[in-house]
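A.B. asks: give me coordinates for this.
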Amino acid sequence: MTLFTLLLVLAWERLFKLGEHWQLDHRLEVVFHRLHRFSLAQTLALVLGWMVVVGALLWLSQGLFFGVLTLALWVIIGLLCVGAGIKRKHYRAYLQAARQGDAHASDQMAEELALIHGLPVDCSEEERLRELQNALLWINYRYYLAPLFWFVVSGPYGPIALAGYAFLRAYQTWLARHNTPLERSRSGIDSLLHWLDWIPVRLVGVAYALIGHGEKALPAWFASLGDRRTSQYQVLTHLAQFSLAREPHTDPVQTPRAAVTLARKVTLVVVVVVALLTIYGTLL
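C.D. replies: Next up is the predicted model:
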């Protein structure tokens, strides 16, 4: 059921999901706005409570209507947690503004796309566009590849793990947009996601390393296996930039497009590998 749900969710997200309606990040804002104090204990309590609620719903649905209700819940959870509908909207708005030469609008959308890690200031246009590429690659990881990883490796508990990861992602985004860096630090959200992302970033990094310049990317990937301090964002984007080294970093339209094209290739590779492994496991 995992593979069927995954393919259905990805197809629906690609065809119909645009905006915030089917995005958990948007739905949880009403909960986050009630928070006024922040701590690691509170973050853990919130995410564990959310996972218990999701697990209880799945447990209550077992056996009802010949399993159809359970399948529907898997799909609904997947639709809420996988995909970056609103980010795709911002990306299209950025491209439109860049084509029209509207520097203010394109800068505004670029800042929105790079909300979590930000864009550098007092730098060259080439460096700024490279960081925009990195932000787009990270969005693809956060909203597609990492959720896919937790959904698949958790087996029958996939929807619960997926919901938990999406909750933390939504909380981090909300804190970055509405709160100070100190409050975000107190919440412990960055540390939690750092460790949760450690394994999936290395697995996705293999795909980027193989697609790019292997003679340079693979040694960097092996070095990352023993690196526990560097942020996962830097590890992933450093490996991805080996694949983008031959692309121009001067065109405000083509530069982000190159990153999105690469991200789609890696996503397709990962989905195909997951499908083959799942089918092979089923045959066994």
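A.B. asks: switch to C-alpha atoms for all contacts and neighbour counts from now on
C.D. replies: Fine.
A.B. asks: buried sites along the helix or strand hosting residue 25?
C.D. replies: Using DSSP states H and E, residue 25 sits within helix 24-27. Under the neighbour-count criterion of 16 or more other C-alpha atoms under 10 Å, helix 24-27 has 24-25 buried.
A.B. asks: could you tell me how far that helix lies from the centre of the chain?
C.D. replies: 14 Å (C-alpha atoms, centre = their mean, to the nearest Å).
A.B. asks: same check on stretch 72-85?
C.D. replies: Remark: stretch 72-85 is offset 13 Å from the chain centroid, using C-alpha atoms, centre = their mean.
A.B. asks: list phi and psi for residue 251.
C.D. replies: phi -90, psi 120 (degrees, to the nearest 10).
A.B. asks: start the count at 11, not 1, going forward
C.D. replies: Yes, from this point I'll number from 11; that puts the last item at residue 261.
A.B. asks: thinking again about what came up before, what does the helix holding residue 35 contact?
C.D. replies: Outside helix 34-37, the residues that touch it by C-alpha atoms under 8 Å, 6 or more residues apart in numbering are 30, 90-91, 176-177, 179-181, 183-184.
A.B. asks: from the residues you listed, which single one is nearest residue 135?
C.D. replies: Nearest to residue 135, judged by C-alpha to C-alpha, of the contacts of helix 34-37 is residue 183 at 25.8 Å.
A.B. asks: that older thread, next secondary structure after the helix holding residue 35?
C.D. replies: Using DSSP H and E, the next helix or strand after helix 34-37 towards the C-terminus is helix 39-42.
A.B. asks: can you give me the buried ones in that next one?
C.D. replies: For helix 39-42, burial by neighbour count (16+ other C-alpha under 10 Å) applies to residue 42.
A.B. asks: next SSE after that helix?
C.D. replies: Along the chain past helix 39-42, the next helix or strand (assigned with DSSP H and E) turns out to be helix 50-71.
A.B. asks: which other helices and strands contact that following helix?
C.D. replies: helix 78-91, helix 168-188, helix 191-197 (3 or more C-alpha pairs under 8 Å, 6 or more residues apart in numbering; DSSP states H and E).
A.B. asks: could you give me the buried positions within it?
C.D. replies: Taking 16+ other C-alpha under 10 Å as the criterion, helix 50-71 shows 50, 53-54, 56-57, 60-61, 64-65, 68, 71 as buried.
A.B. asks: what do you get for stretch 82-101?
C.D. replies: Across stretch 82-101, burial judged by 16+ other C-alpha under 10 Å covers 83-85, 87-98, 100-101.
A.B. asks: in the protein, where is pLDDT below threshold?
C.D. replies: 27-29, 222-225, 258, 291-294 (pLDDT under 70).
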